[in-house]
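[1] Prediction below, plus the sequence it came from.
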Amino acid sequence: MGPLDLRYEKLALPGAPGQMLITYHAEPGSDSHERLQLLAHLATRPATAATTGQEADSAPQAHARDESAP
């Protein structure tokens, strides 16, 4: 799968002091966007013995940047 380069935004929730909604997304058209779409597709399929026996070290890693900062 490879690494994912994600961006994120922090959104304050009106009427909920101290609460934030954090959204993550990949840049449209990027390799990370394609990988994220593949993960979304794979997540809709039922798990099988082949897909549940992965080592922890083989899990995808994500790197994020804060887009809500001025």
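    Perfect, thanks for sending it.
[2] what about residue 43, distance to residue 7?
    Separation of residue 43 from residue 7 (C-beta to C-beta, to the nearest Å): 20 Å. Where C-beta positions appear, they are placed from N, C-alpha and C, glycine not excepted.
[3] who has more neighbours, these two?
    More crowded of residue 43 and residue 7, by other C-beta atoms under 10 Å: residue 7, with 17 against 8.
[4] same for the helix or strand where that one lies, what does it pack against?
    Per DSSP states H and E: residue 7 is located in strand 4-12. Contact partners of strand 4-12 among helices and strands, from 3 or more C-beta pairs under 8 Å, 6 or more residues apart in numbering; DSSP states H and E: strand 20-26, helix 31-43, strand 62-66.
[5] Go ahead and produce PDB holding the CA coordinates of that strand.
    Output of strand 4-12 as PDB, limited to C-alpha atoms (Å, rounded to 0.1, in the frame of the first residue of the first chain):
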ATOM      1  CA  LEU A   4      -0.400   8.100   3.100                       C
ATOM      2  CA  ASP A   5       0.300  11.900   3.000                       C
ATOM      3  CA  LEU A   6      -2.900  13.400   4.600                       C
ATOM      4  CA  ARG A   7      -4.000  17.000   5.300                       C
ATOM      5  CA  TYR A   8      -6.300  17.800   8.200                       C
ATOM      6  CA  GLU A   9      -8.500  20.600   9.400                       C
ATOM      7  CA  LYS A  10      -9.600  21.300  12.900                       C
ATOM      8  CA  LEU A  11     -13.200  22.700  13.100                       C
ATOM      9  CA  ALA A  12     -14.600  24.200  16.300                       C
END
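[6] What angle do strand 20-26 and it make with each other?
    For strand 4-12 against strand 20-26, the angle by axes from the mean of the first three to the mean of the last three C-alpha atoms, to 10 degrees is 150 degrees.
[7] taking the mean pLDDT, what do you get for strand 4-12?
    For strand 4-12, mean pLDDT is 95.
[8] Tell me how far it lies from the chain's centre.
    9 Å (C-alpha atoms, centre = their mean, to the nearest Å).
[9] And stretch 35-52, by the same measure?
    On C-alpha atoms, centre = their mean, the centre of stretch 35-52 falls 14 Å from that of its chain.
[10] I am finished for the moment; much appreciated.
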